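> after the sequence you'll find the predicted model.
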Amino acid sequence: MNKKYDVCAIGNALEDYEIEVEDQFFADHGVEKGLMTLVDEDRQAELLTKAQEKVKKRQGGGSAANTIFGLAEFGGKGFYTCKVADDADGKLYTDDLKEAGIDTNLDQKDLYQGTTGKCLVMITPDAERTMNTYLGITTDFSVDQISEEAIKQSNYLFMEGFLVSSPTGLEAMKEAKRLAKANDVKVSLTFSDPSMVKYFNDQMKEVVGDQVDLLFCNIHEAELFSGVDGIEAAKEAISKVAKEFVITKGKDGAVVFDGEQYHDIDPFPTDAVDATGAGDMFAGAFLYGINNGLSHADAGRLASAASSAVVSKFGPRLNQTHIDDIRAKVNA
């Protein structure tokens with residue numbers, strides 16, 4: 001039967017503050033470059049105060065949110081499950097989803113007293129992004145936010161790996177996966193960031209369980225999760241826990257496994273400005289493709305072009321001009 005949604009995604013709702021900094025900023029303020037680091041509200045406020053004049057943009061973000069926005073930008077239909085507070089950031093976040101045509105669990109009963117999570121996305125001249133995140137109210141994202149009906153009405157459940165850092169988030173992932181399996185909905189997962197695999201490996205393996213239907217990760221995450229070195233060993237290891245998967249390799253493209261054969265996906269050369277959301281967009285475009293008639297190889301090419309377009313600009317969103325250009329490049 002035809003489902004209402006291509007993808008139902010669950011994740012941490014974070015208002016992104018995109019900030020341009022030099023490497024010296026990290027040295028001056030004790031920030032570990034290139035990773036997502038969880039911080040408390042005071043620490044984040046301190047950094048934001050120091051970098052206030054460098055803030056370039058604010059918009060709704062989070063790993064799974066970026067993916068579902070990417071899906072929607074290509075014309076896919078998505079549902080996003082998250083938790084925000086009844087504050088200015090939460091209202092802005094809700095408006096972003098509505099404007100993009102993404103259905104959500106966020107109505108008045110889902111806006112709570114507290115502080116909406118924020119992510120300081122600090123971009124250096126080498127285009128690498130470093131994130132310091134205060135989860136705020138999404139720290140308590142739980143099974144209470146999960147919509148069984150939305151999952152049932154979707155072809156895929158998509159879960160972000162960042163949720164494993166919270167005990168209630170971990171339980172929500174496990175329950176969402178259980179509901180998906182019970183309703184013949186395919187389960188997809190992204191590891192989201194090397195720090196999640198490095199520091200929460202046991203929890204991530206608990207979510208993966210025996211197997212997921214589709215896994216997204218980069219080569220570093222695949223190696224950390226599996227305890228192996230090199231792309232060939234990573235492919236072998238990941239094939240044991242995912243029926244299908246994508247391993248991205250940055251400027252070297254990606255490899256896609258469709259359950260039977262591997263497809264090497266070439267990169268689309270670009271002048272990188274900001275790597276924020278590149279992997280998330282790859283997942284969104286890929287999920288759009290396989291839900292709308294493209295082969296895994298062609299979906300990989302579409303996703304590669306989309307992630308290339310994202311890194312060529314600031315922020316994780318694409319506009320219609322970007323989308324038209326990407327379609328022309330890959331003849332999709």
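Cool, the structure landed. Residues are numbered from 1 along each chain as shown.

> for residue 195, see how far away residue 254 is.
21 Å (CB to CB, to the nearest Å). Where C-beta positions appear, they are placed from N, C-alpha and C, glycine not excepted.

> the more surrounded of these two?
The neighbour comparison of residue 254 against residue 195 (other CB atoms under 10 Å) goes to residue 254, with 25 against 21.

> now the helices: where do they sit in this protein?
23-29, 41-51, 63-73, 88-99, 148-152, 167-182, 194-199, 201-208, 219-226, 231-238, 278-291, 296-311, 320-330 (DSSP state H).

> residue 199: neighbour count?
Counted with other CB under 10 Å, residue 199 comes out at 16.

> okay, stretch 84-103 in CSV with CA atoms only?
The C-alpha trace of stretch 84-103 is given here as CSV (Å, rounded to 0.1, in the frame of the first residue of the first chain):
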residue,chain,number,x,y,z
VAL,A,84,11.3,21.8,21.8
ALA,A,85,10.4,24.3,24.4
ASP,A,86,7.8,27.1,24.4
ASP,A,87,10.5,29.8,23.8
ALA,A,88,11.6,31.9,20.9
ASP,A,89,13.9,29.2,19.6
GLY,A,90,11.2,26.6,19.8
LYS,A,91,8.7,28.6,18.0
LEU,A,92,11.2,29.5,15.3
TYR,A,93,12.1,25.8,15.0
THR,A,94,8.4,24.8,14.6
ASP,A,95,7.9,27.5,12.0
ASP,A,96,10.8,26.2,9.9
LEU,A,97,9.3,22.7,9.8
LYS,A,98,5.9,24.0,8.8
GLU,A,99,7.4,26.3,6.1
ALA,A,100,9.2,23.3,4.6
GLY,A,101,6.0,21.2,4.5
ILE,A,102,7.3,18.7,7.0
ASP,A,103,4.6,17.2,9.3
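
> list the contacts of that stretch.
Residues from elsewhere that reach stretch 84-103 (CB atoms under 8 Å, 6 or more residues apart in numbering): 5, 13, 15, 58-60, 65, 68-69, 72-73, 77-80, 104, 106, 110-118, 136-138, 150.

> which of those residues are buried?
5, 13, 15, 58-60, 65, 68-69, 72-73, 77-80, 104, 106, 110-111, 114-118, 136-138, 150 (16 or more other CB atoms under 10 Å).

> next step: the contacts of stretch 84-103 restricted to strands.
Using DSSP state E, the subset of those located in strands is 5, 15, 58-60, 78-80, 104, 111-112, 117-118.

> and the pLDDT for the spatially most central residue of the chain?
A centroid search over the chain (CA atoms, centre = their mean) returns residue 63, at 2.6 Å, as the residue closest to the centre. pLDDT, residue 63: 93.

> how about residue 332?
Predicted confidence (pLDDT) at residue 332: the value is 64.

> one more: residue 111?
For residue 111, the predicted pLDDT is 68.

> one more: residue 220?
So residue 220 comes in at 96 (pLDDT).

> spatially nearest residue to it, not counting backbone neighbours?
Nearest residue to residue 220, sequence neighbours excluded (CB to CB, 6 or more residues apart in numbering): residue 194, at 4.9 Å.

> I'd guessed that neighbour sits against residue 219; true?
No: applying CB atoms under 8 Å as the test, residue 194 and residue 219 come out as separate, 10.0 Å apart.

> look up how far residue 186 lies from the residue nearest to the centre of the chain.
Residue 63 sits 19 Å away from residue 186, taking CB to CB as the criterion.

> do residue 83 as well
24 Å.

> swap in residue 172?
18 Å.

> neighbour count: these two, which is higher?
Using other CB under 10 Å, the more surrounded residue of residue 172 and residue 186 is residue 172, with 23 against 18.

> what about the residue lying closest to residue 217 once chain neighbours are set aside, how many neighbours?
Spatial nearest neighbour of residue 217, chain neighbours left out: residue 191 (4.4 Å); criterion: CB to CB, 6+ apart. Using other CB under 10 Å, the number of residues around residue 191 comes to 27.
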